[in-house]
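Trainee: Next comes the sequence, and after it the predicted model I'd like to discuss.
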Amino acid sequence: MRTFFVILLAACWTNTVCWAGETTALGENDEPASVKLDDNAQEPAPREWLCRWNSPGKPAAPAAEFNRHYPTNRLPLRPTKFVALPLGSVKPQGWLKDQLTIQANGLTGHLDEFWPPLVKTAWKGGDGEKWERGPYYLDGLVPLAYLLDDSRLIAKTRPWIEGILASGQPDGWFGPAQNKDRWPLAVAMKVLTQYHEATGDPRALKLIADYFAYLHKAPPDWPNKDWRGVRAMENAVTAYWLYRRTGDPNVLKVAESIHKNSRNWTDYFTNFPWTTEALRTGSIPYDWKDVGMTAHVVNVAMATKYPGLWWQQSGDGRHKEAVYRGWASLDEHHGQVGGRFSGDEHLSGRRPTQGTELCAVVESMFSLEKLLEIFGDTAFADRLEFLAYNANPGACTPDYWAHQYDQQANQVLCTVAKRQWSTNSDTSNLYGLEPHYGCCTANMHQGWPKFVAHLWMATHDQGLAAVAYGPSVVRAKVAGGTEVSVEEITDYPFDETIRFKLMSPEPVEFPLHLRVPSWAEGATVNCQGKTEPAAPGQFLVIRRRWSPGDEVVIKLPMKMRTETRYHDAVAIVRGPLVYSLRMGEHFDQLKRHHPTLPVIDWSVHPTTPWNYGLLLDRHNPERSITVAHTGKPGQQPFAQETAPVVLRVKGRTIPEWKLEANSAGQTPASPVESQDPLVDLDLIPYGCTRLRITEFPVLADESR
Ligand SMILES: [Zn+2]
C-alpha cells in the first residue's frame, strides 16, 4: 500500500494533475492508532437518494499529518477534511467585493443607527433588547467589517464587543444582566470566535473559555420546548473551535453533555417525521411547543449540521449518515428549487408558492460551510453556492435596504394579503425593514460575509483548497510556513472560467485543491500550458513547485439543465444559477421608516403577464433555450436591469393559470395546451428578480 502511494504521487508530479481521491484513499492504513474509525462498518449503503448527492463513500482516511499552520482538531476528535482559515485570510474581489460594499452602504452599515432593538440594546449597556437581535446583527457585521477592512464598520463593532467582554461574571456567565437565557449567548460566542480570529484579542478567547467552564459546572439546561434546547448544538461550533485552541478536555465534556441532554436531531433526520404524507394529513404540528419546534424552518436549517458537528467527537457513522439523510428528506418532502427547503415558518412542502424564511437561507449556508469543512464533500459546496447565488440575493432588494421574510420560487405578487403560509402573517413576502417579524432583519447580514470567508480552506497536506468559487484572494501559510497569496480572478457564477494566480516571495511547493462541481461535465484544468480533463463531483489536486506568477485556469462548462419540480413543472438551471422569468415589477412605497435613509417597506405588483408555459424539450433544453446575452457583472449583478446573463426561450400564456390565494395558482399539469400566441421570453438569474416564475409548465407543442 505504502509503495503504491509513493508511485502514485510520483505519477502526480510527472503529470502535474492528480485526484485527491486517489491519494487519500491509499492512506487508510496510516491513521493514528487512537482515532476511532468505524465509518466503514456503518456507512450507508448506496441508495437512490444518494444519487443527487455524492455518495459519502469510504471515509477519507485521516491524513498522515495534520495542517501545521492553523488550529485543527486534536485527538480524540476526528480530523476534519478541511481546516477553516481565520477570518480575514480570504478577501472579496471584483463583483463580490462590490456586493459586500453595497451591504456596508445599505442596511448592515446603518441598522444600528435607527432600529430600536439595536439603538437601545442591553448588549451595549442600554435598557432595550437583551436577547438575540444584538448578537445576530454582530454575527454579520463583524465579518463584514473585517473582510472589507472598513474602519467605520470596525468602529461600530467596538462598543458591542467591549460591552460583551466587560459583561463576564466570575462564574463565567456573560451578556446583559437582564438575560437569563443561554440561547443568545450561543450566538454571541460565534461572534467572539470571528472577532478573535480577526484581531487575536486574548480577552475574547478567555471569555469563551470562561463560559465553557461555567457550562461544565452548571447543570444541563437544554429543554426541548425552548430555543436554547432545540438549538443547543449551536454551542458545539464554538466548543470545537475552542478545543482546537486550548485542548481543554472539559470542553468536550460540555459538548457531550449538550448532545445527550438536548433535542436528538440524529434520530430526527434518520427517521424524518415531517413527510409529504404528514403534510397531507395535517399532522405536522404548526405550533411553538416542543415537537412543533422541530418543524420550524430555522431550527431545522441550523440543525442540519448538528449530527455532523457531533460526528467529530463520536466518530460514529450514524451521525454522518443522519446529515445525508436529513438533506435528502428535506429535498424530497420540502425541497425548493436552488437547494433550499420551504418553511413559512414551519415546514410547508414543495409547492413553489410556499415560502422560505430568510433566516433559514443564511443559517443553511452556515451549516453547509461547517459540513464542507468537516466532510469535504463537493455536494455541500454545490448546494452552498446555489443558496448564496440564488435565494440569498433574491430575498433582498439590490440596494440591500429591504428584505423579505418569506421568498417564493413562483412569486408574482408581494403585498399585504392572506397567503397559504403555514404559520406566517400577511406581510411576510413584502420587501421591507421587518416584514412579519424582526429576526431576519437582525440575522440576514451573515450570509455574504461568511460565504466569502469560507471560499478557501487549508488542507492537511499543507496546501490550500478552493472549496467554493467567487472573485477573491486568499493569503495563507503553506508548505513549511511560506505565506502565499492566490488571486482568484473570475466573473463566476456568471462566467465559467476561473483563473488562479499565485503570488509568493519565492518558489514554493504545495498542493492546490480545486473543486469540480457535480454539474460541470467536460470541465478542464490548464496548468502552465498543459490541459487535463477534470471529473465532476471531486476535488482536483495540483501538486507542483510553484513560482511567483504561476497561473492555473479551470473551466467549468455551464450546460443548460432542467429539474423536474412539484406537479411535474420544470426549472431551468445553468451552472450554479437558477433562471426565472423576467417580469415587469412595479414597486409601491407602503411605509417609510427613516427621514433620510431609504428604509422603506415596498409592495411589488406585476406589470406584465406571468402565467407562461414554456416551449421546451425538457430532456434537451439547449434545443429550446439560447444564451441571448452574457456580459461582465457590473457593480450589482443581482438587479433585473443589469442581469449579466439572459436566456431566451419561447412560451405562451395559459389563460386558466391564475392567482389563487394571492399567489400563483397550482402549476398546470404538463403538457399544457394553449392557443395564445407564441412569444419570446427572457429568463434571468433568480437573484436578479423580485417577482418571478421559476417552476414552469411545459407546453404541449413540443410534446406532440
Ligand atoms: Zn428570520
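Mentor: Structure received. Numbering: from 1, shown residues only.
Trainee: can I assume residue 176 sits in a strand?
Mentor: No: judged by DSSP: H, G, I helix; E, B strand; the rest coil, residue 176 forms no part of a strand; its state is coil.
Trainee: Would you mind confirming that it is in contact with residue 166?
Mentor: No: Residue 176 is beyond contact range of residue 166, at 11.4 Å (criterion: C-beta atoms under 8 Å). Just so you know, the C-beta spots here come from the backbone N, C-alpha and C atoms, and that holds for glycine as well.
Trainee: More neighbours: which of the two?
Mentor: residue 176 (22 against 11; other C-beta atoms under 10 Å).
Trainee: Give the phi and psi angles for the residue of the stretch 551-700 of the chain found nearest the ion, as a check.
Mentor: The nearest approach of the stretch 551-700 of the chain to the ion comes at residue 601, 16.2 Å away (C-beta to the ion). Main-chain dihedrals, residue 601, degrees, to the nearest 10: phi -90, psi 130.
Trainee: Can you check the pLDDT for it?
Mentor: What the model reports for residue 601 is a pLDDT of 98.
Trainee: Could you list the low-pLDDT ranges of the stretch 1-150 of the chain?
Mentor: Scanning the stretch 1-150 of the chain for pLDDT under 70 picks out 1-64.
Trainee: go again using 80 as the cut-off
Mentor: Judged by pLDDT under 80, the stretch 1-150 of the chain has its weakly predicted residues at 1-65.
Trainee: same deal with the chain?
Mentor: Answering for the chain: the residues below the bar, that is pLDDT under 80, span 1-65, 702-704.
Trainee: that older thread, show the contacting residues for the closest residue in space to the residue of the stretch 551-700 of the chain closest to the ion that isn't next to it in sequence.
Mentor: Nearest in space to residue 601, with sequence neighbours left out and distances taken as C-beta to C-beta, 6 or more residues apart in numbering, is residue 432 at 3.3 Å. Residues in contact with residue 432 (C-beta atoms under 8 Å, 6 or more residues apart in numbering) are 402, 403, 590, 591, 600, 601, 602.
Trainee: where's the first one relative to residue 608, distance?
Mentor: Residue 402 sits at a distance of 22 Å from residue 608 (criterion: C-beta to C-beta, to the nearest Å).
Trainee: If you count surrounding residues, which of the two has more?
Mentor: Higher neighbour count among residue 402 and residue 608: residue 402, with 23 against 12, using other C-beta under 10 Å.
Trainee: Buried only: go through the contacts of residue 432 for me.
Mentor: Neighbour-count burial (16 or more other C-beta atoms under 10 Å) applied to these gives 402, 403, 600, 601, 602.
Trainee: Need these in CSV (columns: secondary structure and distance to residue 291).
Mentor: Shown next, in CSV, are the buried ones among the contacts of residue 432 (DSSP: H, G, I helix; E, B strand; the rest coil; distance: C-beta to C-beta, whole Å):
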residue, secondary structure, distance to residue 291
402, coil, 34
403, strand, 30
600, strand, 39
601, strand, 34
602, strand, 36
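Trainee: Pull out the buried positions in stretch 487-498.
Mentor: So stretch 487-498, judged by 16+ other C-beta under 10 Å, has buried residues 487, 488, 489, 490, 491, 492, 493, 494, 495, 496, 498.
Trainee: Report the contact partners of the closest residue to residue 492 other than its chain neighbours.
Mentor: Computed as C-beta to C-beta, 6+ apart, the closest residue to residue 492 that is not its neighbour in sequence is residue 469, at 4.7 Å. Neighbour list for residue 469: 385, 455, 488, 490, 492, 493, 498, 515, 556 [criterion: C-beta under 8 Å, 6+ apart].
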